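> Output the structure for:
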Amino acid sequence: MTHNHCITVWKSREAKCWLAKDSDPQVVELFGTDTLPTAYTLSATAEQVIAGLQKRNPAKSIMLRKE
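Model prediction:
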């Protein structure tokens with residue numbers, strides 16, 4: 001059975017990085033949360049973040065959260 005999981009990203013001024021919320025229940029199982037900091041600083045563009053995450057998560061849709 002195939003699931004179409006999604007990662008939603010946004011800039012977090014509090015965390016001083018881009019955050020990613022993953023719809024995959026395995027993320028919560030592994031980390032105890034569905035939202036994790038990424039390795040991208042606030043100076044990274046949305047395009048850079050999305051491209052990097054898509055490369056590492058080819059089976060998931062990557063979306064930018066509207067602010």
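> In this protein, what residue spans correspond to helices?
In the chain, the helices defined using DSSP state H lie at 25-31, 46-56.
> shaky segments in this protein?
Low-confidence segments of the chain, defined by pLDDT under 70: 1-2, 67.
> again, 50 this time
Applying pLDDT under 50 to the chain flags residues 1.
> Centroid-nearest residue for the chain?
Centroid-nearest residue in the chain: residue 20, 2.8 Å away (criterion: Cα atoms, centre = their mean).
> Tell me who's in contact with it.
If you count contacts by Cβ atoms under 8 Å, 6 or more residues apart in numbering, residue 20 has them with 7-9, 35-38, 53. Every C-beta, even on glycine, is put in place using the N, C-alpha and C of the backbone.
> now do residue 17
The contact partners of residue 17, by Cβ under 8 Å, 6+ apart, come to 37-42.
> of all those, which comes closest to residue 62?
Nearest to residue 62, judged by Cβ to Cβ, of the contacts of residue 17 is residue 38 at 10.8 Å.
> before we move on, back to that, just the buried subset of the contacts of residue 17, written out for PyMOL, thanks.
To isolate the buried members of the contacts of residue 17 in PyMOL, using 16 or more other Cβ atoms under 10 Å:
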select buried, resi 38+40
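> any chance of the contacts of residue 17 in JSON lines, plus distance to residue 49?
Output for these, formatted as JSON lines (distance: Cβ to Cβ, whole Å):
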{"residue": "37", "distance to residue 49": "12"}
{"residue": "38", "distance to residue 49": "7"}
{"residue": "39", "distance to residue 49": "9"}
{"residue": "40", "distance to residue 49": "5"}
{"residue": "41", "distance to residue 49": "10"}
{"residue": "42", "distance to residue 49": "10"}
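> Which single one of the contacts of residue 17 is nearest to residue 24?
residue 38 (15.2 Å).
> wait, isn't that closest one in contact with residue 18?
Yes: using Cβ atoms under 8 Å, residue 38 makes contact with residue 18 at a distance of 4.5 Å.
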